[in-house]
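[1] Sharing a sequence plus its predicted fold:
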Amino acid sequence: MSVQVTSSNPASFSWNTVSDSSGLTYHVLIVTANEKIIHWSEMFVPENSFTLPISLEAGNYKFKVRAIDNKGNFGQWSPWSVFNVN
């Protein structure tokens with residue numbers, strides 16, 4: 001799965017969709033460079049994009065995403081995507 005940061009503050013993210021006949025949602029994980037969790041989507045994201053509802057302090061961050069089908073099967077996490085907020 002390919003992921004990208006589309007803006008930095010508020011941070012917006014997008015990723016390519018994957019297909020599954022049962023339907024899909026996504027988990028999003030955003031952390032600081034030293035692995036402090038900034039956001040973990042407890043509710044699944046129904047689209048292939050997400051905007052963080054808070055502004056981030058200046059620093060380095062990374063995020064990854066994975067798909068979950070409607071049968072409860074989890075896909076693999078995407079590779080980390082690193083971004084910087086000035």
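    Looks like it came in fine.
[2] Nearest the middle, which residue of the protein would you pick?
    The residue lying closest to the centre of the chain (C-alpha atoms, centre = their mean) is Val28, at 3.3 Å.
[3] From the contact counts, what lies against whatever helix or strand it lives in?
    Element membership for Val28 (DSSP states H and E) is strand 24-32. Packing partners of strand 24-32 (3 or more C-beta pairs under 8 Å, 6 or more residues apart in numbering; DSSP states H and E): strand 11-15, strand 37-40, strand 59-69. C-betas here are computed from N, CA, C, even on glycine.
[4] For Leu24, which of the ones you listed is the nearest?
    Closest approach to Leu24 among these (C-beta to C-beta): strand 59-69, 4.9 Å.
[5] my read: Trp15 touches Gly75, true?
    No - using C-beta atoms under 8 Å, Trp15 makes no contact with Gly75, being 11.3 Å away.
[6] right, and Thr32 touches Ala58 too?
    No - Thr32 sits out of contact with Ala58 when judged by C-beta under 8 Å, with a separation of 11.3 Å.
[7] and those two? which has more neighbours close in?
    Remark: of Thr32 and Ala58, Thr32 carries more neighbours, 14 against 9, as counted by other C-beta atoms under 10 Å.
[8] and the nearest residue in space to the more buried one that is not next to it in sequence, what does it touch?
    Closest residue in space to Thr32, ignoring its immediate chain neighbours: Tyr61 at 5.9 Å, by C-beta to C-beta, 6 or more residues apart in numbering. If you count contacts by C-beta atoms under 8 Å, 6 or more residues apart in numbering, Tyr61 has them with Ala11, Ile30, Val31, Thr32, Ala33, Ile38, Val82, Phe83, Asn84, Val85.
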